[in-house]
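Chemist: sequence and predicted structure, then a few things I'm wondering about:
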Amino acid sequence: MSRHLAWFFFAMVMLAVSAPLQALNYEVGGCKTGSGYVNFTTISAAVAGVPAGATIQICPGVYPEQVTITQPLTLKGIGFNNANRAMITINPNGSLAPNVTSSINGLPFYAQVLVQNINPAGPVSIIGITVDGSGDNAGCSAETLAGIFYASGTSGTVNEVTARNQVNGGCGWGIWVENGAASSQTITIENSSVHNQGNGGIGNFGIGSGGISAVSIVPPTLSAAIRGNFLSSTGGEAGLGVAGNDAILSETNGEISGNVITSNPQFATSIYACCDSVVVSGNTVANNTAGFGIEIYSGMTAQGNKLSNVGYSIVAHSDTATTIKSNTIKNTLCGLSFGGASSGTISGNTLNDSFYGFANWGGPPIGGNSLYNVDNVMSTTSDCP
Amino acid sequence: MSQRLSWFVSAVVMLAVSAPLEALNYEVGGCKTGSGYVNFTTISAAVAGVPAGSKIQVCPGVYPEQVTITQPLTLQGIASNNSNRAVIAINPTGGLATNVTSIIGQGLYAQVLVQNVTPPGPVNITGITVDGGGGNVGCSTSVGLVGIFYAVGTSGTINEVTTRNHRSSGCGNSIWAENTAGATQIIRIENSSVRNFDNWGITTLSNQNTSTLTATINGNFIDPASSALAVNASGMVGSISNNVITSAGVGIGSLAFAGPITVSGNTVADVVGGIGVEVTSGTTATSNKMSNMNNAFFFPDGGATVKSNTVMNTTYAFDLDCFVGSTISANIVNDSQFAFQYSRSQITGNSLHNVDTIQTGSCP
């Protein structure tokens, strides 16, 4: 056989092997059928049955199942006829036992969509899916309910998702991502609608409930970008000083930007960003009466956020420098509280309609900000009461 | 006298005349005193007593008075010591008789009334709180309450103001500007905190087919006491942008628009059971963020352009009421029970995610 001919045969064989693979589409729900489609009746069967890296199209419909993903893939809701919502719900006949333990706080979770032990390594992306937690009322003593849970060592993107009704007696989170492993992971959560978590209940595990959580060991091994999401009625009704109950909880590094957070219960926190170099920017926070708008720690930045009708708008828990600039704050009890810090970049902020402008500041008089209709420029007690 | 000397004398005279005028500052409340300051004890006395075009600095404190401004000037709240809030409050012993009649025929008790401004010129209000607590004058077609009222023919800017507690049995309004036939009036309402009212938050009315009121409503936070209307833009032209509107019955109501309005960059949320933005013919609504409401966009007629908005967690994203001629494109809808209601044709070119039913309702 000539060398040319050998190449020709080789190419033909490659085509024969690869062509069917390229043509295959993976579908759940039966709205796309026929040649080129591999059909599954459940999402669980699909995520186990497709090749690594595949995209699974989910038809509109209700899928009462608990989904565990252990290989890289994309789960994508599609439109069909007049509908465009593929919804994963609690299986009324299924077990409500916890299926994962957080490697960060050791607590048992019931995850509706669990991403863990990904092999081969690669991202898991979830796009255009609704995860509804109605029906899991096992309660705080049994577990914390999470709509989507990315376990240690996993990475990927959650985009245009709806996570709702993870109530569970006050221990429910819409989306929880974590990394307790040493190797770094990157997770993006964007453009999603997250609402009705916790329903004002008081979590008794000290982690309560909320919308989106990204947590990691220290020093952080998770970079989380949480951006463009809309969250409402997400936190539990925390008592002051009770940890948890946050619309967005970030104890890792990355960014929290462009989110709209409204109707967080009083005493809850809209954005809690702790412990590393998170930048909190361009968020809109409203109607978090008596609660905290943005909490940050040393070295962190809060910039260009809009806060209104919030109890304590921006609170820095740090006696070292933070950067708080170009934020707009209206109708608040306490505008900026500094945790006793005496230095930092505090500039270009505009406060209108505030009972206290600044509080708990240890440095020289603060200039470079615009204050209007502020009853007390600086709190005369150590912090806003 | 030589020409040079003449000039010199003239210059000295000019200095002598103008220097004292330049040095005068007008103050209310007693926190700024001494040479160069003219002091007033009430805002009413100051707005009547200063030269046209002056700036009046208002010290922190409570001013229980009804203020009528009839000349161009600037009213500006200032800081003193640790405080930075000048509050115009209802005078508990002043009676609650109406002091102006609006173009819709309703008599209003206006806490700050701008009318018959002579000579013509802008009236600017900056950094003042107007508190309507105790001002319940009742509610009827002939009686209502308003915090700041710019009457027919007046212009100016409201910036970094707080209005609060305008509750009058359902006829409590925060800021109201209006015009009828005649020269176009220009009003800017910016960066203000407008809250706890029970009728209309920011009202900009013209009753002319070709609008005589050009308004800019920008950067405000608006939050009613109950399911009230946050922005009533009936008849204005101009822009409504970058506001944060929460807890309203209707966010931006644009019924009876006379001319083009741009509604952009607003965040409208928690309009539970209500409408986010009413978009009428000639309205362009772009890049707004709408969440947690019944109807994000409602179309009382056709001919609006609605582009590049983000809509989340609604019952209806677009309610077209069977009208045609509007452009709806490049919007992102996530988490909506219905994307399009009462649409005469299929609408494409938008990104839909987690929508239970894309099109609903049939038209005759």
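Modeler: Nice, I can see it.
Chemist: what ranges does the chain have for its helices?
Modeler: I went with chain A, as the question did not name one. Chain-ordered helices for chain A, with DSSP state H as the definition, fall at A:3-23, A:43-49.
Chemist: um, chain B though
Modeler: Assigned by DSSP H, the helices in chain B fall at B:3-23, B:43-49.
Chemist: out of those helices, which gets the lowest mean score?
Modeler: Taking the average pLDDT of each of those, the minimum falls on helix B:3-23, with a mean of 47.
Chemist: and residue B:264, how far is that from residue B:217?
Modeler: In this structure, residue B:264 and residue B:217 are separated by 11 Å, where distance is defined by Cβ to Cβ, to the nearest Å. Where you see a C-beta, it was placed from the backbone N, CA and C, and this is true even at glycine.
Chemist: got it, and residue A:114?
Modeler: 47 Å.
Chemist: out of these two, which sits in the busier spot?
Modeler: When neighbours are counted by other Cβ atoms under 10 Å in any protein chain shown, residue A:114 and residue B:217 differ, and residue B:217 comes out ahead with 30 against 21.
Chemist: now the residue lying closest to that one once chain neighbours are set aside, which residues is it bridged with?
Modeler: With Cβ to Cβ, 6 or more residues apart in numbering or on different chains as the measure, residue B:240 is the residue that lies nearest to residue B:217, at 4.6 Å, once sequence neighbours are left out. Taking DSSP bridges as the rule, residue B:240 bridges to residue B:217, residue B:263.
Chemist: what's the neighbour count on residue B:240?
Modeler: Counted with other Cβ under 10 Å, residues neighbouring residue B:240 total 30.
Chemist: against chain A, how distant is it?
Modeler: Residue B:240 sits 16 Å away from chain A when distances are taken as Cβ to the nearest Cβ, to the nearest Å.
Chemist: chain B contacts on the stretch 201-350 of chain A?
Modeler: Taking Cβ under 8 Å from any Cβ of the partner chain as the criterion, the neighbours of chain B within the stretch 201-350 of chain A are A:228, A:230, A:232, A:260, A:262-263, A:284, A:286-287, A:306, A:308-309, A:328, A:330-331, A:350.
Chemist: restricted to strands, list the residues you listed.
Modeler: Those of these mapping onto strands are A:230, A:232, A:260, A:262, A:284, A:286-287, A:306, A:308-309, A:328, A:330-331, A:350, per DSSP state E.
Chemist: and of the residues you listed, the nearest to residue A:61?
Modeler: Of all these, residue A:61 sits closest to residue A:230, with 24.0 Å by Cβ to Cβ.
Chemist: isn't the closest one right up against residue B:296?
Modeler: No - contact between residue A:230 and residue B:296 fails when scored by Cβ atoms under 8 Å: they sit 11.8 Å apart.
Chemist: neighbour-wise, which of the two wins?
Modeler: Higher neighbour count among residue A:230 and residue B:296: residue B:296, with 33 against 28, using other Cβ under 10 Å.
Chemist: pull the contacting residues for that one.
Modeler: B:268, B:276, B:277, B:290, B:309, B:311, B:314, B:316, B:317, B:318, B:336 (Cβ atoms under 8 Å, 6 or more residues apart in numbering or on different chains).
Chemist: ditto for residue B:167
Modeler: Residues counted as contacts of residue B:167 (Cβ under 8 Å, 6+ apart) are B:132, B:136, B:145, B:196, B:197, B:198, B:225.
Chemist: want to try a markdown table for the residues you listed, with pLDDT, neighbour count and distance to residue A:171 as columns?
Modeler: Converted to a markdown table, the contacts of residue B:167 look like this (pLDDT from 0 to 100; neighbours: other Cβ atoms under 10 Å in any protein chain shown; distance: Cβ to Cβ, whole Å):
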| residue | pLDDT | neighbour count | distance to residue A:171 |
| --- | --- | --- | --- |
| B:132 | 98 | 27 | 42 |
| B:136 | 96 | 19 | 44 |
| B:145 | 98 | 29 | 46 |
| B:196 | 97 | 21 | 34 |
| B:197 | 97 | 31 | 38 |
| B:198 | 96 | 22 | 38 |
| B:225 | 90 | 16 | 33 |
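Chemist: in strands, which of the contacts of residue B:296 fall?
Modeler: Filtering the contacts of residue B:296 for strands - DSSP E - leaves B:268, B:276, B:277, B:290, B:311, B:314, B:316, B:317, B:318, B:336.
Chemist: looking at those, which is nearest residue A:317?
Modeler: If you rank the ones in strands among the contacts of residue B:296 by distance to residue A:317 using Cβ to Cβ, residue B:268 comes first, at 31.9 Å.
Chemist: can you report how many residues lie near the closest one?
Modeler: Residue B:268 has 32 neighbouring residues, counting by other Cβ under 10 Å.
Chemist: tell me the contacts of the closest residue to residue B:132 other than its chain neighbours?
Modeler: Spatial nearest neighbour of residue B:132, chain neighbours left out: residue B:166 (3.8 Å); criterion: Cβ to Cβ, 6+ apart. By Cβ under 8 Å, 6+ apart, residue B:166 lies in contact with B:132, B:135, B:145, B:146, B:147, B:172, B:173, B:174, B:196, B:197, B:198, B:199.
Chemist: dihedrals phi and psi, residue 60?
Modeler: Since no chain was named, I'll use chain A. Backbone torsions of residue A:60, given as degrees, to the nearest 10, read phi -60, psi 140.
Chemist: so for the closest residue to it other than its chain neighbours, what's the pLDDT?
Modeler: Ranked by Cβ to Cβ, 6+ apart and with sequence neighbours excluded, the top spatial neighbour of residue A:60 is residue A:83, at 3.7 Å. Residue A:83 is assigned a pLDDT of 97 by the prediction.
Chemist: returning to that earlier point: contacts only, for the residue nearest to residue B:217.
Modeler: Shown here is residue B:240, whose contacts under the criterion Cβ under 8 Å, 6+ apart are B:217, B:218, B:231, B:233, B:252, B:261, B:262, B:263, B:264, B:266.
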